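> Dropping a prediction and its sequence here:
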Amino acid sequence: MSSQSSKWPSSASATITLTFDNMGEAADLNRSLWPPSQPIGSHYSVTRMLPQFLALAQKYSIPVTYFAESWNLDVYPDAIKSIAAAGHEVGWHAWQHEAWGKECKDEKDERRNFERSFEAMRGFVEREGKRKVEMYRGFRPPGGSVHGERTLKMCREFGLGYISPAAEEGAVVQIEGGKDSIVVLPFRWSTVDAYYYMESFGKLRKMKGVLPEEPQGTDVLVEAFVRQVDETIEKGGFLSLLFHPFLNDDEEKLQAMETVLQHLAKRRDEGSIWLARARDVEEWARSHPGVLGDDPVWDNSSWR
């Protein structure tokens with residue numbers, strides 16, 4: 001799609017979603033990496049980094065979609081409420097950051113994760129009462145991969161309108177022979193901070209053949225993120241950027257993130273991009289057929 005044919009709001013050439021992933025100890029507990037003697041409920045990614053992330057989003061007036069694990073609803077309810085109260089979206093990131101492609105291979109395991117997570121979500125919303133916190137319009141599978149149409153159908157069964165797996169392009173995908181559809185608002189590994197910073201992503205960097213196997217610095221991330229934002233504006237379409245609070249407990253990395261947000265705000269103020277929450281992009285795509293294609297170009301690469 002060219003920028004000339006764009007149908008995004010305010011005649012923007014492209015839309016970009018700023019997303020955050022992972023909260024607290026969920027992933028470490030799932031992988032048995034959390035020391036049994038360490039207390040739960042005061043993780044630095046929540047107590048220290050989340051306020052800084054939200055302050056940066058507020059500084060540049062950028063809406064965010066935060067994909068958090070449902071385990072956090074009971075452990076960090078105030079953090080979840082602070083995200084929603086700031087006007088951001090709370091998306092679903094599995095129960096306890098289970099690697100979806102590996103730990104939910106069996107349909108029963110996949111359904112159990114949905115059921116446990118959505119039961120916790122309903123309990124959280126009920127406890128909030130009149131404040132009515134909107135929850136779970138979309139799902140980002142940890143690890144990025146899904147189990148084909150089975151996962152997509154289950155998303156729709158549980159009331160989700162979009163999914164954000166690893167893939168190349170935003171798309172509206174038909175399911176059940178065209179009886180239903182789900183919007184795919186993917187992330188690319190090249191727009192994930194962990195892809196640059198984490199040693200454990202060396203295998204994926206080597207597989208992609210673009211970067212060295214060694215972890216990369218903030219300058220490499222900033223150049224790559226800014227370039228991909230500008231390329232998305234040039235060709236039109238959708239792009240998702242992904243930052244992890246636990247990975248940015250460092251002044252240099254926080255500054256790199258702010259530099260990216262500055263660029264987003266600049267391009268928005270020029271009228272080139274629509275910065276929106278994922279749920280708003282989904283709503284727009286459903287009401288404007290043709291703004292997205294029908295092939296997400298799935299990416300089943302694994303970093304583990």
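In hand now; what should we look at? The structure presented is a predicted model; accordingly, all values stated were derived computationally and were not measured.

> Now the element after the lowest-mean-pLDDT helix or strand in the chain, going C-ward?
Evaluated with mean pLDDT, DSSP states H and E, the helix-and-strand set of the chain has its lowest mean pLDDT in helix 100-103, which scores a mean of 92. Of the helices and strands lying after helix 100-103 in sequence (DSSP states H and E), the nearest is helix 107-128.

> Determine the set of other helices and strands touching that next one.
Contacts defined by 3 or more Cβ pairs under 8 Å, 6 or more residues apart in numbering; DSSP states H and E place helix 107-128 against helix 72-75, helix 77-85, helix 148-157. (C-beta placed from N, C-alpha, C; glycine too.)

> And the first one, what's buried?
It stands for helix 72-75. By neighbour count on 16 or more other Cβ atoms under 10 Å, the buried set for helix 72-75 is N72, L73, V75.

> circling back: same list (the helices and strands packed on helix 107-128) but as CSV, adding distance to P51 and mean pLDDT.
Formatted as CSV, the helices and strands packed on helix 107-128 follow (distance: least, Cβ to Cβ, whole Å; pLDDT from 0 to 100):
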stretch, distance to P51, mean pLDDT
helix 72-75, 16, 97
helix 77-85, 8, 96
helix 148-157, 31, 98
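
> and among these, the most buried is which?
helix 72-75 (a mean of 20; mean count of other Cβ atoms under 10 Å).

> Count the neighbours of I40 for me.
By the criterion of other Cβ atoms under 10 Å, I40 has 14 neighbours.

> Could you do S11 as well?
Residues near S11, counting by other Cβ under 10 Å, number 12.

> Same check on A14?
24.

> what ranges do the strands span in the stretch 101-250 of the chain?
All strands of the stretch 101-250 of the chain, identified by DSSP state E, counting those that start in this stretch, fall at 138-139, 162-163, 171-175, 180-184, 237-243.

> Ok, which of those strands comes nearest A278?
Nearest to A278 among those is strand 138-139; the distance by Cβ to Cβ comes to 5.2 Å.

> how about the chain, which residue sits the furthest from its center?
S37 (31.0 Å; Cα atoms, centre = their mean).

> so can I have a markdown table of the strands of the stretch 101-250 of the chain showing mean neighbour count?
Formatted as a markdown table, those follow (neighbours: other Cβ atoms under 10 Å):
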| stretch | mean neighbour count |
| --- | --- |
| strand 138-139 | 26 |
| strand 162-163 | 26 |
| strand 171-175 | 18 |
| strand 180-184 | 22 |
| strand 237-243 | 24 |
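
> Just put the ones you listed in JSON lines and tack on distance to L221 and mean pLDDT.
As requested, those are exported to JSON lines (distance: least, Cβ to Cβ, whole Å; pLDDT from 0 to 100):
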{"stretch": "strand 138-139", "distance to L221": "25", "mean pLDDT": "98"}
{"stretch": "strand 162-163", "distance to L221": "25", "mean pLDDT": "98"}
{"stretch": "strand 171-175", "distance to L221": "26", "mean pLDDT": "98"}
{"stretch": "strand 180-184", "distance to L221": "24", "mean pLDDT": "98"}
{"stretch": "strand 237-243", "distance to L221": "10", "mean pLDDT": "97"}
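
> Which one, of those, ends up nearest to T17?
That would be strand 237-243 among the strands of the stretch 101-250 of the chain, by Cβ to Cβ, at 4.8 Å.

> Who are the packing partners of the next helix or strand along the chain from that closest one?
Of the helices and strands lying after strand 237-243 in sequence (DSSP H and E), the nearest is helix 251-269. Under the contact criterion of 3+ Cβ pairs under 8 Å, 6+ apart, helix 251-269 touches strand 14-21, helix 50-59, helix 193-197, helix 218-235, strand 237-243, strand 273-275.

> Go ahead and name everything in contact with the longest one.
The reference is to helix 218-235. The contact list for helix 218-235, computed with Cβ atoms under 8 Å, 6 or more residues apart in numbering, reads 1-3, 13-14, 16, 188, 190-191, 193, 196-197, 211, 238-239, 241, 252-253, 255-256, 259-260, 263-264, 267, 272-273.

> With adjacent residues omitted, what lies nearest to V297?
Spatially, and ignoring its direct neighbours in sequence, V297 is nearest to E168 (3.8 Å; Cβ to Cβ, 6 or more residues apart in numbering).

> Thank you, goodbye.
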